[in-house]
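*Asks:* build me a model:
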Amino acid sequence: CETMQCTADLNAEVAKRGANTYQIYDQLMIRHWDVWYTQGSASHPFYQKIKLNEETQELELDGDAVDLLLKKELSSPPIEGGSDQFSISYDGKLLAFSVHTKNREMAWTTKWDIYLIDLTAENPLTVLTEKEEGRCQSPKFSSDGKKISYLCMLHKGLESENLYVRIYDIETKQQLTGADQSTFKPQISDYAWYEDVGKNVFLLSVVDAGFSKIYKFDFNAEAEAYIAITDDMNYYGTPIVLTSAHVIINHSSFTTPDVIALMTQDQMDAATWTVTDIVDLNFKEKEKFELLEAESFTFKGGNGDDVQGWIMKPIQFDETKTYPLAFLIHGGPEGAWEPSWSYRWNPQLWASHGYAVVMINPHGSSGMGIDFQNAD
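*Replies:* Sure thing, here's the model as predicted:
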């Protein structure tokens with residue numbers, strides 16, 4: 001469709017069929033997890049100009065919305081992605097976003113590419129990741145608009161492999177080379193630019209041997225590129241950098257649903273950060289329940305590797321008694337049990353009913369290095 005009205009008309013035509021309908025597929029992919037792919041339909045980024053009405057002083061649309069991927073067999077954001085899969089430069093002239101193909105190859109490659117669109121250029125579209133084998137995601141512009149960072153996996157066919165930071169220089173049209181990232185065992189969940197003008201330093205939210213941490217990563221460092229700035233029993237989400245000494249963060253734990261907090265760097269000791277809660281909407285609700293902490297433990301597993309796990313003792317635990325065991329298994333197998341508040345498989349539910357809960361991060365789990373994750 002070249003217009004939004006065309007799309008609306010086609011959707012209305014399909015809706016008239018009612019619930020008892022059909023879809024003919026002549027190629028893969030048909031479905032991913034619980035989402036069906038409708039042939040001929042895709043998500044595209046659109047560009048819409050607006051203007052100020054001088055009489056009413058209200059904003060109005062200026063012309064029609066422009067489909068930036070018109071007639072292309074691409075979908076953006078990918079079906080699993082959201083606003084984290086696109087970024088707009090501060091001057092509004094550049095747009096970077098993740099895409100996946102809508103052709104049959106998407107069924108076995110799982111690759112996403114990073115596209116750059118220059119809204120002021122005659123040939124606006126540039127693919128930044130043609131040489132990458134694996135999935136690339138989460139583009140972010142530096143504050144001066146001269147660089148784009150993104151995360152890439154190394155191998156095609158995977159959805160949750162370890163991610164590595166890439167930086168693309170917009171002026172030179174070159175991918176920058178930096179610190180050796182191959183020896184960093186924790187797996188990156190998300191990241192943010194920390195110092196970008198003249199430097200290439202990031203804050204990484206990672207899973208690290210069953211724990212969640214925030215690391216500072218110096219892309220240009222020759223040694224000690226990674227420095228952990230948190231080390232506690234909290235899960236940390238996406239950092240939002242306000243200044244070099246102030247970062248907004250969301251965190252949770254086995255006993256606390258998501259809290260919005262401020263991370264502050266000590267002025268006298270740059271290696272020390274404190275976390276101060278700002279918004280805890282569940283503070284009073286938590287007082288109604290006896291919430292139980294979990295303990296981390298390790299044991300020798302296959303290949304002589306250390307395997308990490310968590311145990312949560314049942315409510316009103318008495319060491320003289322025996323209890324049934326709930327043995328929780330995470331999927332993937334990539335991924336890990338972390339000290340976070342789960343909105344799906346929360347171990348508190350079993351522990352509050354008198355079960356001991358054990359959660360192991362076996363071979364295949366994230367956060368113990370790529371060899372551990374890929375072990376047979």
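*Asks:* would it be right to say that Thr298 lies in a strand?
*Replies:* Yes. Assessed with DSSP: H, G, I helix; E, B strand; the rest coil, Thr298 lies in a strand.
*Asks:* low-confidence ranges, the protein, go.
*Replies:* Counting by pLDDT under 70, the chain has low-confidence residues at 39.
*Asks:* where do the strands of the stretch 101-250 of the chain begin and end?
*Replies:* 113-118, 125-127, 136-141, 147-152, 164-169, 174-175, 187-195, 201-208, 211-218, 226-228, 235-236, 240-243, 246-252 (DSSP state E, counting those that start in this stretch).
*Asks:* for those, which one ends up most surrounded?
*Replies:* strand 235-236 (a mean of 26; mean count of other Cβ atoms under 10 Å). All C-beta spots, glycine's among them, are computed from the backbone N, C-alpha and C.
*Asks:* what comes into contact with that one?
*Replies:* Residues from elsewhere that reach strand 235-236 (Cβ atoms under 8 Å, 6 or more residues apart in numbering): 205, 212-214, 230, 249-253, 338-341.
*Asks:* do stretch 102-109 as well
*Replies:* Gln27, Leu28, Met29, Tyr37, Ala42, Glu73, Leu74, Ser75, His100, Thr101, Lys156, Gly157.
*Asks:* ok now that stretch, how far from the chain's centre?
*Replies:* 22 Å (Cα atoms, centre = their mean, to the nearest Å).
*Asks:* thought Pro139 was touching Gly81, still the case?
*Replies:* No. Taking Cβ atoms under 8 Å as the definition, Gly81 is not a contact partner of Pro139, at 10.9 Å.
*Asks:* overlap of the contact sets of these two?
*Replies:* Joint contacts of Gly81 and Pro139 (Cβ under 8 Å, 6+ apart) are Ser98.
*Asks:* excluding chain neighbours, what is closest to Gln27?
*Replies:* Spatial nearest neighbour of Gln27, excluding adjacent residues (Cβ to Cβ, 6 or more residues apart in numbering): Arg104 at 4.3 Å.
*Asks:* and the one you found, how many neighbours does it have?
*Replies:* 13 (other Cβ atoms under 10 Å).
*Asks:* just Leu291 next, same as before
*Replies:* The burial count for Leu291: 16, using other Cβ under 10 Å.
*Asks:* check contacts around it.
*Replies:* Per Cβ under 8 Å, 6+ apart, neighbours of Leu291: Phe254, Thr255, Thr256, Gln348.
*Asks:* try Glu171
*Replies:* Lys146.
*Asks:* quick one: it from Glu55, how far?
*Replies:* According to Cβ to Cβ, to the nearest Å, Glu171 and Glu55 sit 42 Å apart.
*Asks:* Pro139 contacts Ser149, doesn't it?
*Replies:* Yes. Pro139 is within contact range of Ser149, at 7.1 Å (criterion: Cβ under 8 Å).
*Asks:* can you give me the helices in this protein?
*Replies:* 4-15, 106-109, 283-286, 347-351, 370-374 (DSSP state H).
*Asks:* who touches the fourth one?
*Replies:* When contacts are taken as Cβ under 8 Å, 6+ apart, the neighbours of helix 347-351 outside the stretch itself are 254-255, 289, 291-292, 294, 310, 312-315, 326, 328, 357, 359.
*Asks:* one more: the last one?
*Replies:* Counting contacts by Cβ under 8 Å, 6+ apart, the residues outside helix 370-374 that touch it are Glu161, Asn162, Lys185, Gln187, Asp305, Glu334, His363, Gly364, Ser365, Ser366.
*Asks:* which single one of the residues you listed is nearest to Leu69?
*Replies:* Taking Cβ to Cβ as the measure, Leu69 lies nearest Glu161 of those, at 26.2 Å.
*Asks:* wait, Val14 touches Thr21, no?
*Replies:* Yes. With contact taken as Cβ under 8 Å, Val14 and Thr21 are classed as touching, separated by 7.4 Å.
*Asks:* so between the two, which is more surrounded?
*Replies:* More neighbours surround Val14 than the other of Val14 and Thr21, with 12 against 9 (other Cβ under 10 Å).
*Asks:* how near is the more buried one to Gly157?
*Replies:* 32 Å.
*Asks:* ditto for Leu94
*Replies:* Distance from Leu94 to Gly157, by Cβ to Cβ: 31 Å.
*Asks:* neighbour count for the two, which is higher?
*Replies:* Leu94 (21 against 13).
*Asks:* list the contacts for the more buried one?
*Replies:* So Leu94 contacts Ile88, Leu116, Ile117, Asp118, Leu119, Phe141, Gly145, Ile170 (Cβ under 8 Å, 6+ apart).
*Asks:* which of those residues sits closest to Val279?
*Replies:* Nearest member of those to Val279, counting by Cβ to Cβ, is Ile88, at 26.3 Å.
*Asks:* from Phe141, how far off is the closest one?
*Replies:* Ile88 is 7 Å from Phe141, by Cβ to Cβ.
*Asks:* repeat for Gln23
*Replies:* On the measure of Cβ to Cβ, Gln23 and Phe141 end up 38 Å apart.
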